[in-house]
Structures are given as structure tokens and as C-alpha cells.
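**Student:** Mind looking at a prediction? Sequence and model below.
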Amino acid sequence: MNNSPLVSLIIRTKNEERWLSSCLGAVFSQSYKAFEVILVDNESTDKTVEKARQYPIKKIVTISNYLPGKALNLGIEEAKGKYIVCLSAHCIPTGNAWLGSLVNALEEDETYAGVYGRQEPMSFSASTDKRDLLLVFGLDRIIQTRDSFFHNANSIFRRKLWEEFPFDSSITNIEDRIWAQEMLNRGYKLLYEPDASVYHYHGIHQGGNPERLSNVVKIIEKHHTNYRTGKLNAKNLKIVAIIPVRGATKSINGTPLINYTIESAKQSKFIDQIFVSTDSSETAVIAKKAGAECPFMRPAGLSEDHVNLEKVQKFSLEEIEKIGLLPDLIIHLEETFPIRPAGLLDGMIVHLLEDGYDSVIAARRESGWLWQEDSEGSFTRIDSGDVPRKFKEKSLIGLQGLCCVTYPEFIRNEQMLGGKIGLYEVDHPLAGYEVRNDFSSDLAAKILEEF
């Protein structure tokens, strides 16, 4: 590697916080080590830039009036590499040989102006995108002498050629194909290298009949022997649990109520740190002894009855981020639910990551009659009515206190949930039991003796 040419990776970002750990984690795990990373950020309003600074980024460039070619040109102007790699921030290299494959392919032939790699869908990519990626990015290596298709979500090219002909800074799309066509016009070739593969959650085209697209994807998945989808790996993410507790924790059978929730979080394979957000010094001492962290105390004003849970969790996250920790996922747990089945938390984390949800809530099935009260005090039945139970539509009641998995970006905006919500059905009969008063506490004592 000592004689390897320097490669400059240009990564363009705009509120890519949720992808950045997976993207940069894969980049800095490459076997090919002679590279620098330059981030071109389009005034992100989330924690994209802060999270990027946790990695050895060479430089962060800011762009205001974003255009794709303009952003790339700005990044390359700051680059020192002989070769330039373009990688979208929401693309994840599929292995540690990705960068080496790009470099080796480009160096095979001096007439190759650039090389672009394969793009494979994520497990939760839309049917339209899965179809497009699976059909466009195949398994055969292709040398292009007339076809100008080139894709800067995952590409490499020679800097000296960019100096002769930079990307068009005035157009809104296909800056890569315009550049590639110029290279072909000059007698160079383009190479498609399927071994240099990344996962990319959205495709290169839009639209189409949803039902038809879904059928096409099913056929591809069934007959494509090399089909695979990317899954975000929970072990590569920073995941923290936040347990809000107001006042002194209760004691059940001589054990503090908070301990049951802390112990559930400790059993998770994916949760890295457990924080208890409390206004009680007594509760803080108990929580620390049980294995949680309490680096801050919640102000008394956040414990008043009119203050909602979203405001409390926003404060908690802000305090956690002040100590330099930028979580990728937040696990919201409440101490009032002392009974959680083994594997519940990890199952919900995997469910969110594999299916691309913004938030996932624990839920239990309700097959009884469901009623909704109107402003006049009257009630309207909202379930499917008097049909046999096995034919009724599935009705689920969310138990966010039992567990809610969500992204920091929503909590920062004083919301618990994003737009795409998943419900994780819990069938354990005691999992939804909540301790709210002395009676429920006494009953919980008897239940926990047997649990």
C-alpha cells in the first residue's frame, strides 16, 4: 500500500445523518488505505456534519446553491488524489474490497476515463427502485465505447481528465453522463465493474404502476441467483436507550422498579449505552448502581403534569449530545412496564432497520370492540363490527412505553415518531402490564414473583 496512488473520495451530503455511520464506517474499513475523504455539505440542518467529524475526514466544504456538478467540482478542487471517487452519502460499500476494486479496474487500461460500480437495493427499497437497480446494474463487466451511461453515486475517474473537462456546474441532473460522453468523444472508454458494489436505497428512475412493479420485483427475486438486498447492521450503529423517570422510583419485592427496565436494556445485543433521565437524585443513584448512566439531572420544570414526553426526551437527547455522543438510534423505555419478553428490544431494532421504518412501536393485538368518543360525548364503534374474531381486521394498540425505537432527528424536533411507522406485535400476555398506582404495584409484585 505504500506505493498506492492517493484516492480522493468526494461525498455529497444534505441531511444524511441516518446514513452516515453506515456509509463512513464502510469507507474507513476498506482494505485499500491510501485515500482521503472530502465532504461537500449542502447546509444540513441535522447532525450530518457533527457526525462526519467523528471520522478522519480531510475537509468539509459547504455549498449553498446546490447543483450536482458544482458540488463535485468544489470537492475535487480541495482534493489531492490522483484518482477521484464519487460516492453518495446514502450508498454503503458492500465489502472492504470495494475501493480496491475501483482502483484496480481503472488502472488496468490507460484508455479508461472512468469506472462505475454496481448498485444493489436495500431490503426496504421501493419496488420501483429494486426493479431499476437489479435490471440496470448486472453481473457482467462491460467496456463502453459508445454508451455514455455513467453514475456518480459510485464511480472513479482520473483527476487529470477532470482538469481538462470539469463537470457542468449549471445543470440539475446527469452531470455524470454529460462528462462521460465528452470522454467517449475524446476516444476514451468507460468501464462498468460489478465487483465494486454498493447498497443504494433509491433507484435511478421513478414512477410506474405499483402492482406491476411489485410483480416484476418478485420475479427478479425468485429467479435472480445473485439477488441480495442490503440491511443496515445494528452492530455498526450507536444505539442508546433513554428511560425517563419522574420522581423516586417505586420498589417491588424489594427491587427498584427502574431496575427491571434497565436489566431488559442490558440484555440487548445492540444497545450500547443506557441513560436514565430523572429529576430525583435518589433514582439517579439507584439507576447508576443498576448499570445505567445519569450524566445530567432533569429540571423540575420538565416534570410538571402539562409537560409532554416528547419535550422530556428532546431535553435528554440534547444533554447526551452535549457530552459528544451522537446516537444513530434511540430506544425509548418507561419503567412502568416491568415485564419485557427476551429479545423484544433487539427484534424491534432489526424490524426498523430491515424494513426501513422511521419508528417502530411495541403493540398488542386487540380483538374486542373499539370505540371512539366525539366532541359531544357520544361513542362510535371503529372496529369491523360483529364478525367472527378470526375474520376481523387486525387492530393493534401501541405500547410506546414498553418500547419505541426511533431516530434522533424526530426527537430533536420534539416528536417521538417519524412518518413511516411500524408496529411490532408482542404476544406475551403480561408484556403490556403497566404499574401506575398502588394496586397495580401490588399485583405486579405477585406477577413478578412467578415471572
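**Tutor:** Looks like it came in fine.
**Student:** And the helices in the stretch 101-250 of the chain, which stretches?
**Tutor:** Here the stretch 101-250 of the chain has its helices, by DSSP state H, counting those that start in this stretch, at 127-136, 159-164, 175-185, 210-223.
**Student:** Just name the most buried of those.
**Tutor:** Most buried of those, by mean neighbour count (mean count of other C-beta atoms under 10 Å): helix 127-136, with a mean of 21. All C-beta spots, glycine's among them, are computed from the backbone N, C-alpha and C.
**Student:** between the helices of the stretch 101-250 of the chain, which gets the lowest average pLDDT?
**Tutor:** Averaged per stretch, pLDDT over the helices of the stretch 101-250 of the chain is lowest on helix 210-223, reaching a mean of 68.
**Student:** Am I right that Ile243 is in contact with Glu335?
**Tutor:** Yes - Ile243 is in contact with Glu335 according to C-beta atoms under 8 Å; the separation is 6.1 Å.
**Student:** so what's in contact with these two at the same time?
**Tutor:** Residues touching both Ile243 and Glu335 by C-beta atoms under 8 Å, 6 or more residues apart in numbering: Ile258, Thr261.
**Student:** Can you give me the neighbour number for Cys415?
**Tutor:** Just to correct that, residue 415 is Gln rather than Cys. Using other C-beta atoms under 10 Å, Gln415 has 16 neighbouring residues.
**Student:** ok, it to Gly422 distance?
**Tutor:** With the distance defined as C-beta to C-beta, to the nearest Å, Gln415 ends up 16 Å from Gly422.
**Student:** Could you tell me the angle between the direction of the longest strand along the chain and that of helix 127-136?
**Tutor:** Among the elements of the chain assigned as strand by DSSP state E, the one spanning the most residues is strand 189-200. Here strand 189-200 runs at an angle of 140 degrees relative to helix 127-136 (axes from the mean of the first three to the mean of the last three C-alpha atoms, to 10 degrees).
**Student:** The residue lying farthest from the centre of the chain in helix, strand or coil?
**Tutor:** Going by C-alpha atoms, centre = their mean, the residue of the chain most distant from its centre is Glu376, 43.1 Å out. Under the three-state scheme (DSSP: H, G, I helix; E, B strand; the rest coil), Glu376 adopts coil.
**Student:** so what pLDDT did it get?
**Tutor:** We note a pLDDT of 78 for Glu376 in this prediction.
**Student:** With Ala300 instead?
**Tutor:** The predicted structure scores Ala300 at 88 on the pLDDT scale.
**Student:** so who does it touch?
**Tutor:** Asp279.
**Student:** Could I get the phi/psi values of it?
**Tutor:** Ala300 adopts backbone torsions of phi -60, psi -30, taken as degrees, to the nearest 10.
**Student:** just how off-centre is the longest strand of the chain within its chain?
**Tutor:** The chain centroid and the centroid of strand 189-200 are separated by 24 Å, computed with C-alpha atoms, centre = their mean, to the nearest Å.
**Student:** List the residues that contact Leu135.
**Tutor:** Contact analysis of Leu135 by C-beta under 8 Å, 6+ apart lists Ile220.
**Student:** what pLDDT does the closest residue to Lys235 other than its chain neighbours get?
**Tutor:** By the measure of C-beta to C-beta, 6 or more residues apart in numbering, the closest residue to Lys235 outside its immediate chain neighbours is Phe270, 6.6 Å from it. On pLDDT, Phe270 comes in at 97.
**Student:** Tell me which helix or strand Phe270 sits in.
**Tutor:** Assessed by DSSP states H and E, Phe270 sits outside every helix and strand.
**Student:** And for it, the neighbour number?
**Tutor:** Phe270 has 20 neighbouring residues, counting by other C-beta under 10 Å.
**Student:** Correct me if wrong, but Lys70 is in a helix.
**Tutor:** Yes - Lys70: assigned to a helix according to three-state DSSP.
**Student:** can you pull the contacts of the residue nearest to Lys235?
**Tutor:** Under the criterion of C-beta under 8 Å, 6+ apart, the contact partners of Phe270 comprise Ala234, Lys235, Leu237, Ile239, Leu345, Asp346, Ile349.
**Student:** Can you tell me the element the last one falls in?
**Tutor:** In this structure, Ile349 sits in helix 344-355 according to DSSP H and E.
**Student:** From the contact counts, what lies against that helix?
**Tutor:** Helix 344-355 is packed against helix 257-266, strand 329-332, strand 359-365, strand 404-406, strand 421-425, with contacts defined by 3 or more C-beta pairs under 8 Å, 6 or more residues apart in numbering; DSSP states H and E.
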